[in-house]
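Okay, predicted coordinates and the sequence, questions at the end:
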Amino acid sequence: MEKTILKVDARQFIPFRDGNILRNHQTDFHLDEASLRIDVVSAFWPFMAEVTQAILEPTAFTEMQWLKRIATSIGCQELAEGKTDLLIGNDGNEILNHQLEQTGLPTVKEKIWTEPIAILLNKDNPVNNLTVSQIQDIYFGRISNWSELGGKQQPIHTYQLERGNGSQTAFEKNVKRNHIDENHHEIHTMPDIIDDVAKDSSGICYTFWSYYTRMYANTQTHMIAVDGTAVTDPCYPLKDDLYMIYRKDHPNANLHRLTSWLKSAKAQELIAACYQPERTVE
């Protein structure tokens, strides 16, 4: 079967741009003037773009100044150097935390959402459920053949992203600090790791659920249940927290208005609406 890739150009998520694919959400919170610079890691780009379009006046938005898609480590560096005001990303990243500690800045990290981590297998793999313990055993090398899990008689090929990547950090936290070693295929980008599993009937990888449902997917892969629960189930066990990170002593009043609102019940309703997928990938 011919491989089908569901790919969305990140530029299609730029707020207020003609022809963008952002959904329109309603909220009572608005910023008429907002000279803010916000860095967002790729997995959370669609959600923050929709939030921006909902709360900001079009005349206040300046592309690549208000909102910029960036790697976690670079976003942290820009925050430390005063080149950005707010970083939206996941916490627990060793590189990020080390960079922040080195600056000595009074940094605030506040949780605003929890993101599921989807486990992906090749579409031809009959396995459709794994336990957290089995995933740990796979990545630690204690389970090495799919036949041990009800699958075909073939070796398991594990794929991981390079250290410091936000998705990699989130996955390591869930498999108890299993750092990359020579036993795993180390891939540099999320599209590549998804496509590699799409081509490898023995492959397994992971991605943030919102990235797979809104940004990039491959129909030769499929999401599986974990501990018998679907990725959209509130009891799904593999999750990572999404944080806003900023300087506590930042002088911009709009930054503090925005960060205070993002923690509110109304903002949580809006974020939940932004996180609803536009397509189902099976």
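Yes, it's here.

Which residue ranges make up the domains of the protein?
9-114+241-274, 116-226 (automatic domain parsing).

and Thr232, which of those is closest to it?
With CB to CB, the closest approach to Thr232 among the domains of the chain belongs to domain 116-226: 7.3 Å. Every C-beta, even on glycine, is put in place using the N, C-alpha and C of the backbone.

For that closest one, what does the pLDDT average out to?
For domain 116-226, the mean pLDDT works out to 86.

Can you give the distance of that domain from its chain's centre?
15 Å (CA atoms, centre = their mean, to the nearest Å).

Check stretch 230-250 too.
With CA atoms, centre = their mean, you get 9 Å for stretch 230-250.

Show me which positions of it end up buried.
Across stretch 230-250, burial judged by 16 or more other CB atoms under 10 Å covers 231, 236, 238-247, 250.

same question, stretch 191-204
Result for stretch 191-204 [16+ other CB under 10 Å]: buried residues 191, 193-198, 200-204.

Show me what the lengthiest strand in the chain is packed up against.
Counting residues, the longest strand found in the chain (DSSP state E) is strand 107-122. Applying 3 or more CB pairs under 8 Å, 6 or more residues apart in numbering; DSSP states H and E, one finds that strand 107-122 contacts helix 166-174, helix 190-199, strand 203-208, helix 209-210, strand 221-223, strand 239-247, helix 253-262, helix 265-274.

and the third one, which strands flank it?
By that I understand strand 203-208. strand 107-122 (antiparallel), strand 157-161 (parallel) (DSSP bridges).

could I get the ones you listed as CSV with distance to Ser210?
Formatted as CSV, these follow (distance: least, CB to CB, whole Å):
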stretch, distance to Ser210
strand 107-122, 6
strand 157-161, 16
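
For Ile224, which of the ones you listed is the nearest?
strand 107-122 (5.3 Å).

buried residues in the closest one?
Neighbour counts over strand 107-122 (16+ other CB under 10 Å) mark 107-109, 112-113, 115-122 as buried.

Put together JSON lines for those, with distance to Ala71 on each row.
Converted to JSON lines, the buried residues of strand 107-122 look like this (distance: CB to CB, whole Å):
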{"residue": "Thr107", "distance to Ala71": "18"}
{"residue": "Val108", "distance to Ala71": "21"}
{"residue": "Lys109", "distance to Ala71": "18"}
{"residue": "Ile112", "distance to Ala71": "20"}
{"residue": "Trp113", "distance to Ala71": "20"}
{"residue": "Glu115", "distance to Ala71": "17"}
{"residue": "Pro116", "distance to Ala71": "21"}
{"residue": "Ile117", "distance to Ala71": "18"}
{"residue": "Ala118", "distance to Ala71": "20"}
{"residue": "Ile119", "distance to Ala71": "23"}
{"residue": "Leu120", "distance to Ala71": "21"}
{"residue": "Leu121", "distance to Ala71": "27"}
{"residue": "Asn122", "distance to Ala71": "27"}
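
Identify each buried residue in the helix or strand harbouring Asp137, please.
Per DSSP states H and E, Asp137 falls inside helix 132-140. Counting neighbours by 16+ other CB under 10 Å, one finds that the buried residues in helix 132-140 are 134-139.

could I have that helix exported to PDB, CA atoms only?
Output in PDB follows, covering the C-alpha atoms of helix 132-140 (Å, rounded to 0.1, in the frame of the first residue of the first chain):
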ATOM      1  CA  VAL A 132       3.400   0.900  30.900                       C
ATOM      2  CA  SER A 133       5.500  -1.800  32.400                       C
ATOM      3  CA  GLN A 134       5.800  -3.500  28.900                       C
ATOM      4  CA  ILE A 135       6.800  -0.200  27.300                       C
ATOM      5  CA  GLN A 136       9.500   0.200  30.000                       C
ATOM      6  CA  ASP A 137      10.700  -3.400  29.400                       C
ATOM      7  CA  ILE A 138      10.800  -2.700  25.600                       C
ATOM      8  CA  TYR A 139      13.000   0.400  26.000                       C
ATOM      9  CA  PHE A 140      15.200  -1.200  28.600                       C
END
